[in-house]
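Student: Got a predicted model here, sequence first, then my questions.
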Amino acid sequence: MSAVTRRKRQSKEEDVPKDHSGIAHDVVTGVGLLQRAAPETMKAFGALSAAATMSRALDSKTKELMALAIGIAVHCDGCVAYHTKMAHQHGATREEVAETVALAIYMGGGPAAVYGGDALRAFDQFAEAKA
């Protein structure tokens, strides 16, 4: 059972808050595993990521907030944790994350509200860790 699955099960069974920092870390380590297992695919994915996230008309913070909204709408724990962390690192405020969550709820319906709450909890964890 993966660390993410254990945390999700633990969170649901014991009503323990998710470890968003741990989930974001699992995303990064998972990418590392894939880089070793499928290097050409991940090299191409890395190039796609670099091209898509490069600041041009939209800055990095805006792009991370967009990725967060998509992660919320598609119900992806790793996406919510990772892109919240990156938005925080690029200077996003809690208010900007909350507005992003509101848009994701509008686009993703009720289930997005559950993941939107996770995004705000994740932001608070990353902000507390930085303090």
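Tutor: It's in.
Student: Leaving out chain neighbours, which residue sits closest to the spatially most central residue of the chain?
Tutor: Most central in the chain under Cα atoms, centre = their mean is V80, positioned 2.7 Å from the mean C-alpha point. Leaving aside its sequence neighbours, V80 sits nearest to G71 (Cβ to Cβ, 6 or more residues apart in numbering; 4.8 Å). For the C-beta atoms, the positions are set from N, CA and C on the backbone; glycine is no exception.
Student: Look up how far T93 lies from the one you found.
Tutor: Counting by Cβ to Cβ, to the nearest Å, the gap from G71 to T93 is 18 Å.
Student: Quick check on these two: which one has the bigger neighbour count.
Tutor: Counted by other Cβ atoms under 10 Å, G71 and T93 do not tie: G71 has more neighbours, with 24 against 13.
Student: which regions of this structure lie under the pLDDT threshold?
Tutor: Scanning the chain for pLDDT under 70 picks out 1-14.
Student: name the element the most far-flung residue of it relative to its centre belongs to?
Tutor: In the chain, counting by Cα atoms, centre = their mean, E40 sits farthest out from the average C-alpha position, at 24.3 Å. Assessed by DSSP states H and E, E40 sits inside helix 39-53.
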